[in-house]
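[1] Fold the following for me, if possible:
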Amino acid sequence: MLLVPGASLNLTLKVFHHHCAGYVETPVEVDKLMEMIDPSLVGLVLDMGHFMF
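    So this is what the prediction gives:
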């Protein structure tokens, strides 16, 4: 059985997950993105391994 958070509530999760060598990679770039988006529409999945690389 696959458990999907929010599935029983009919939620759709919209998040951004940054990766190395992407358009948004560094802490400064992540901060800029978060300033530019509406946090009620898109969340951030912060991956510390990628963030510190």
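[2] which stretches of this structure have low pLDDT?
    1-12, 20, 50-53 (pLDDT under 70).
[3] Which helix runs longest in it?
    In the chain, with assignment by DSSP state H, the single longest helix is helix 27-36.
[4] Pull out the buried residues from that one.
    residue 30 (16 or more other Cβ atoms under 10 Å). (C-beta placed from N, C-alpha, C; glycine too.)
[5] what comes into contact with it?
    Residues outside helix 27-36 that contact it (Cβ atoms under 8 Å, 6 or more residues apart in numbering): 16, 18, 23-24, 44, 46, 51.
[6] what about 6 Å?
    Identification of contacts with helix 27-36 by Cβ atoms under 6 Å, 6 or more residues apart in numbering yields 18, 24.
[7] That helix: what's the following helix or strand?
    On the C-terminal side of helix 27-36, the closest following helix or strand by DSSP states H and E is strand 43-45.
[8] strand partners of that next one, parallel vs antiparallel please.
    Here strand 43-45 has these sheet partners by DSSP bridges: strand 15-17 (parallel).
[9] ok, how many other residues are close to the nearest residue to residue 37 once chain neighbours are set aside?
    The shortest distance from residue 37 to any non-neighbouring residue, by Cβ to Cβ, 6 or more residues apart in numbering, is to residue 16 (7.6 Å). If you count neighbours by other Cβ atoms under 10 Å, residue 16 ends up with 14.
[10] now residue 44
    Quick note: residue 44 (other Cβ under 10 Å) scores 15 neighbours.
[11] quick one, what contacts it?
    For residue 44, the contacting residues are residue 16, by Cβ under 6 Å, 6+ apart.
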